[in-house]
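J.: pasting the sequence and the predicted model now:
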Amino acid sequence: GEQVEQRPPHLSVREGDSAVITCTYTDPNSYYFFWYKQEPGASLQLLMKVFSSTEINEGQGFTVLLNKKDTRLSLNLTAAHPGDSAAYFCAARSGGSNAKLTFGKGTKLSVKS
Amino acid sequence: GGIITQTPKFLIGQEGQKLTLKCQQNFNHDTMYWYRQDSGKGLRLIYYSITENDLQKGDLSEGYDASREKKSSFSLTVTSAQKNEMAVFLCASSITYAEQFFGPGTRLTVL
């Protein structure tokens, strides 16, 4: 089945710096991808969803890039601030009738002021 | 919009005890999920259900039972609590094949 590798597991940056988190997935038929944010002590909050027909999605302060050729998904926080400090998880849904998501193991981001 | 409610928020049990966690959603979503998250770790799928009375095993179903009593509710039972099960249990729901929305979690401590 689908496997998702997420890197790095820990990331520490200074306020204003960019931060990049990358996920590689194994099933080339995966077609639906998600990024979740989990603040300390809280649950997962949907940050962005990406379809295979969309290569770049931009949100508030971040960009998501999907590279289908390399089966890679990335989250780029363009100018990190302390409120971005959290764990981030990517998730992929494979093709077919599978209702499950495969999650990466997460990246713990720390933004220092 | 909608909301997912998990009860209790904190659950303390004794080793060997049978414990039940409950989840309710008012999104009218078809599919519901139970995940376990150990401290500082990722999510592992325990059970999911794509409709009322349906149950599908996840990667971590051994030691757990689940019940989808109605479309809006999904229960998880820890059949015999073990000390290494101290974790947060997250419930989620989705329109089947779409994004999942997560509840606030139940934090389990086994004494």
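T.: All right, it came through fine. Numbering: from 1, shown residues only, chains lettered A, B, ... in the order given.

J.: what comes up buried for stretch A:26-35?
T.: A:27, A:30-35 (16 or more other C-beta atoms under 10 Å in any protein chain shown). (Each C-beta comes from the backbone N, C-alpha and C, glycine too.)

J.: what is the nearest of those to chain B?
T.: A:Phe34 (5.6 Å; C-beta to the nearest C-beta).

J.: the closest one: what secondary structure?
T.: strand (DSSP: H, G, I helix; E, B strand; the rest coil).

J.: in this structure it contacts B:Glu99, no?
T.: Yes - with contact defined as C-beta atoms under 8 Å, A:Phe34 reaches B:Glu99; the gap is 5.6 Å.

J.: and chain A, which residues reach chain B?
T.: By C-beta under 8 Å from any C-beta of the partner chain, the residues of chain A that approach chain B are A:32, A:34, A:36, A:42-46, A:49, A:89, A:91, A:93, A:99-101, A:103-106, A:108.

J.: keep only those of these that are in strands.
T.: A:32, A:34, A:36, A:44-46, A:49, A:89, A:91, A:93, A:103, A:108 (DSSP state E).

J.: so what's the residue count around A:Asp17?
T.: 13 (other C-beta atoms under 10 Å in any protein chain shown).

J.: SS state for the closest residue to it other than its chain neighbours?
T.: Nearest non-adjacent residue to A:Asp17, counting by C-beta to C-beta, 6 or more residues apart in numbering or on different chains: A:Ala80, 5.7 Å away. The three-state assignment at A:Ala80 reads coil, by three-state DSSP.

J.: and the next helix or strand past the lowest-mean-pLDDT helix or strand in chain A?
T.: When each helix and strand of chain A is scored by mean pLDDT, DSSP states H and E, strand A:56-58 comes last, with a mean of 70. Counting by DSSP states H and E, the element after strand A:56-58 in chain order, helix or strand, is strand A:62-67.

J.: list the buried residues of that following strand.
T.: Here strand A:62-67 shows A:62-66 as buried, counting by 16+ other C-beta under 10 Å.

J.: repeat for stretch B:9-16
T.: Buried residues in stretch B:9-16, defined by neighbour count with 16+ other C-beta under 10 Å: B:Leu11.

J.: follow-up on the earlier one: weed out the non-buried ones from the residues of chain A next to chain B.
T.: Buried among these (16+ other C-beta under 10 Å): A:32, A:34, A:36, A:43-44, A:49, A:89, A:91, A:93, A:99-101, A:103-106, A:108.

J.: low-confidence regions, chain B specifically.
T.: Scanning chain B for pLDDT under 70 picks out nothing.

J.: up against chain A, what does it have?
T.: So chain B meets chain A at B:31, B:40-43, B:45, B:48, B:50, B:56, B:58, B:90, B:92, B:94, B:96-105 (C-beta under 8 Å from any C-beta).

J.: filter these down to the buried ones and hand me the ChimeraX line.
T.: Of the residues of chain B next to chain A, the buried ones can be selected in ChimeraX as follows, counting by 16+ other C-beta under 10 Å:
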select /B:31,42,43,45,48,50,58,90,92,94,97,99,100,101,102,103,104,105
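
J.: quick one: which of the residues of chain B next to chain A sit in strands?
T.: Within the residues of chain B next to chain A, residues falling in strands by DSSP E are B:31, B:43, B:45, B:48, B:56, B:90, B:92, B:94, B:101-102.

J.: adding distance to A:Asp84, write these out as a markdown table.
T.: A markdown table is the format used below for these (distance: C-beta to C-beta, whole Å):
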| residue | distance to A:Asp84 |
| --- | --- |
| B:Thr31 | 30 |
| B:Leu43 | 20 |
| B:Leu45 | 27 |
| B:Tyr48 | 30 |
| B:Gln56 | 35 |
| B:Leu90 | 22 |
| B:Ala92 | 23 |
| B:Ser94 | 26 |
| B:Phe101 | 21 |
| B:Phe102 | 19 |
